[in-house]
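Q: Can you look at this prediction? I've put the sequence above it.
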Amino acid sequence: MKNITQIVLIFLLGNYPQVVQACSCGNYFSSKPKPNWVDTQFATANDLSTYGITQCTGIKTLDLKRAAISAKEAMSQLISVEVSTVTQTKTHTRSTASSNQFTQSSKLETHALLEEATFIDNWVDKTNCVVYRQLTLPKQSILKAKSKLKAEYSARFDQQTFYLNTTGEHATIAHNMILAQLSKLGLNFTSEPQQATVAINIKVNTEHSSSKKLLAVMSVDITKIKSSKQVLFQVYDGKGISFQSESTNTLKKRAFLDAADRLSMALKQSYLDKKI
């Protein structure tokens, strides 16, 4: 009798319906098949598209916010690749160190770019209980963001007048190249130190290791003249590299330009942080 009871219990338990727990975010959106954009990011002629993902908590506002943050982080990376690729194509003759500056520059532009980004679709994976959000961005926004940042730079630069003082090896060549590079930012320069509000003092040294490589080292001191407040002190190195033997002057120019790019980026960041 005991054995019969055990067999009956086993049979009942083995055939008892299993309770399946429903996904807590299954009712967030209307049910539909898995969209093509899920787990995919791509670029068309006009737009960039990516997605964000988060595990469900059952709180819709929280899940949408988390998925949105995930999507924006993914878009930021996509933007960096897009900007870096486009810019490096136009500057392939410059040193690799210079091209790295454009990746850094894209980070500065990301916040402005994302203002144009739009969430266009959502989807819930009910099997894995995951929320997806699709984010798209017009490529035209890259140009808009650059124009916006340029206007911001100009507005701040107009409030200051700069004096550039360059000393050290090959000071004249370095001075002219640095002045040309920084002038592209919209800085107002004067040749009279008494008329300036900000002094940029640069000491240049070079190390020529071969006919294919030259290193320029710039010690940069930026000071507000009236208050004698030092705004920035930094050493920037620039590399002049060639895959074939080049004249020393050619390598110098590339190295100075590379170092000037680094200084230019630092000034942009300083202005964005309102340090000057």
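A: Okay, I see it.

Q: tell me the mean pLDDT for stretch 133-153?
A: Averaged over stretch 133-153, pLDDT sits at 80.

Q: any idea how far Thr167 lies from Ser30?
A: 70 Å (CB to CB, to the nearest Å). Bear in mind the C-beta positions are built from the backbone N, C-alpha and C, glycine included.

Q: Same question for Lys65.
A: 21 Å.

Q: Count the neighbours of Asn128 for me.
A: 10 (other CB atoms under 10 Å).

Q: How much space separates it from Ala174?
A: Distance from Asn128 to Ala174, by CB to CB: 58 Å.

Q: Lys65 and Ser30: which has the busier surroundings?
A: In terms of neighbours (other CB under 10 Å), Lys65 is the more surrounded of Lys65 and Ser30; the figures are 14 against 7.

Q: Can you report phi and psi for Ala171?
A: Phi and psi for Ala171, reported as degrees, to the nearest 10, are phi -60, psi -40.

Q: show me what contacts the nearest residue to it once chain neighbours are set aside?
A: Nearest non-adjacent residue to Ala171, counting by CB to CB, 6 or more residues apart in numbering: Val204, 6.1 Å away. Taking CB atoms under 8 Å, 6 or more residues apart in numbering, we find Val204 in contact with 166-171, 174, 216-218, 256.

Q: Now, the residues you listed that are in helices?
A: In helices, judged by DSSP state H, the following of the contacts of Val204 are found: 171, 174, 256.

Q: Can you lay out the residues you listed as JSON lines showing neighbour count?
A: As requested, those are exported to JSON lines (neighbours: other CB atoms under 10 Å):
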{"residue": "Ala171", "neighbour count": "14"}
{"residue": "Ala174", "neighbour count": "28"}
{"residue": "Phe256", "neighbour count": "25"}
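
Q: Just the closest of the residues you listed to Thr57, please.
A: Among the ones in helices among the contacts of Val204, Phe256 lies closest to Thr57 (CB to CB), at 54.6 Å.

Q: what stretches of the stretch 101-250 of the chain score poorly on pLDDT?
A: 101-112, 149-150, 152-158, 208-211, 232, 242-246 (pLDDT under 70).

Q: my guess is Tyr28 meets Lys60, correct?
A: Yes: taking CB atoms under 8 Å as the definition, Tyr28 is a contact partner of Lys60 at 5.5 Å.

Q: Give me the common contacts of these two.
A: When contacts are counted by CB under 8 Å, 6+ apart, Tyr28 and Lys60 have no shared neighbour.

Q: Only the buried subset of the contacts of Val204, as a PyMOL command please.
A: With 16 or more other CB atoms under 10 Å as the burial test, the buried ones among those are selected in PyMOL as follows:
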select buried, resi 166+168+170+174+216+217+218+256
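
Q: For the stretch 101-250 of the chain, just list every one of the strands.
A: Counting by DSSP state E, counting those that start in this stretch, the stretch 101-250 of the chain has strands at residues 118-125, 130-138, 162-168, 198-210, 213-224, 229-241.

Q: Mind giving me the packing neighbours of the first one?
A: By that I understand strand 118-125. Helices and strands touching strand 118-125, by 3 or more CB pairs under 8 Å, 6 or more residues apart in numbering; DSSP states H and E, are helix 60-90, strand 130-138.

Q: before we move on, back to that, which residues does the residue nearest to Ala171 form a beta bridge with?
A: When assigned by DSSP bridges, Val204 has beta-bridge partners Gly168, Met218.

Q: next one: the one 10 residues further on
A: Per DSSP bridges, residues listed as beta-bridge partners of Leu214: His208, Gly240.

Q: Looking at Leu267 now. What's its pLDDT?
A: pLDDT recorded at Leu267 is 75.

Q: Could you do Ile7 as well?
A: 45.

Q: Distance from the chain centre to stretch 134-143, please.
A: 15 Å (CA atoms, centre = their mean, to the nearest Å).
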